[in-house]
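Asks: Using only what follows, build the 3D model:
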Amino acid sequence: MKLGDYVQSGDWKGEKHVPVIEAPEHASAGEAIEVKFGVGKEIPHPNTAAHYIKWIKLFFVPDGGKFAIELASVTFDAHGDSTDPEKPGPAFTEPFASIKVKLASSGTLVTSSYCNIHGLWENFKTIKIA
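Replies: Numbering: from 1, shown residues only. I've put the predicted structure just below:
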């Protein structure tokens, strides 16, 4: 058994749990590029005390590399938490993040996310570095 056996994937345009990565397809080596990642871009994911995205991680796997490099890990800790179970609290965090990164070589950006009800999800995007 491997953890990968339990990771789900799909088309983020048709499945609300699939994380999406927004990044340029090409960049220059050492250039600071913005990478946005999140869950629910096309179809909003519920964000309630009962159903939410707990975290998203972003990795980079260089072409020919053996290991994934963790670029970011974001937790979403406010899900309408309240001391009154009948009323949601005053704050909700939406499952989206943005970072800037400098890459030295081409490779693949990989994002994984965790839904408290539907488990682990992943997606990827290749990026060419000149």
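
Asks: Okay, strands next: where are they in this structure?
Replies: Along the chain, the segments classed as strands by DSSP state E run 19-22, 26-27, 32-39, 53-62, 69-75, 96-102, 107-115, 119-129.

Asks: Per-residue pLDDT of Gly38, please?
Replies: Gly38 carries a pLDDT value of 96.

Asks: partner residues bridging it?
Replies: Val20, Phe96 (DSSP bridges).

Asks: For it, give me its contacts.
Replies: By C-beta atoms under 8 Å, 6 or more residues apart in numbering, the residues touching Gly38 are 19-20, 56, 94-97. Just so you know, the C-beta spots here come from the backbone N, C-alpha and C atoms, and that holds for glycine as well.

Asks: Give me the buried entries from these.
Replies: Using 16 or more other C-beta atoms under 10 Å as the burial test, the contacts of Gly38 include 19-20, 56, 95-97 as buried.

Asks: quick check, nearest of the residues you listed to Ser73?
Replies: For the buried ones among the contacts of Gly38, the residue nearest Ser73 by C-beta to C-beta is Ile56; the value is 7.8 Å.

Asks: so how far is Ser105 from that closest one?
Replies: 24 Å (C-beta to C-beta, to the nearest Å).

Asks: Ok, Asn116 next?
Replies: Note on Asn116: its distance to Ser105, by C-beta to C-beta, is 36 Å.

Asks: now do Leu71
Replies: For Leu71 relative to Ser105 (C-beta to C-beta), the value is 14 Å.

Asks: do Trp55 as well
Replies: According to C-beta to C-beta, Trp55 and Ser105 sit 27 Å apart.

Asks: Ile129 too?
Replies: To Ser105, Ile129 is 5 Å away according to C-beta to C-beta.

Asks: before we move on, what about Glu86?
Replies: 53 Å.

Asks: between these two, who's got more neighbours?
Replies: Ser105 (13 against 5; other C-beta atoms under 10 Å).
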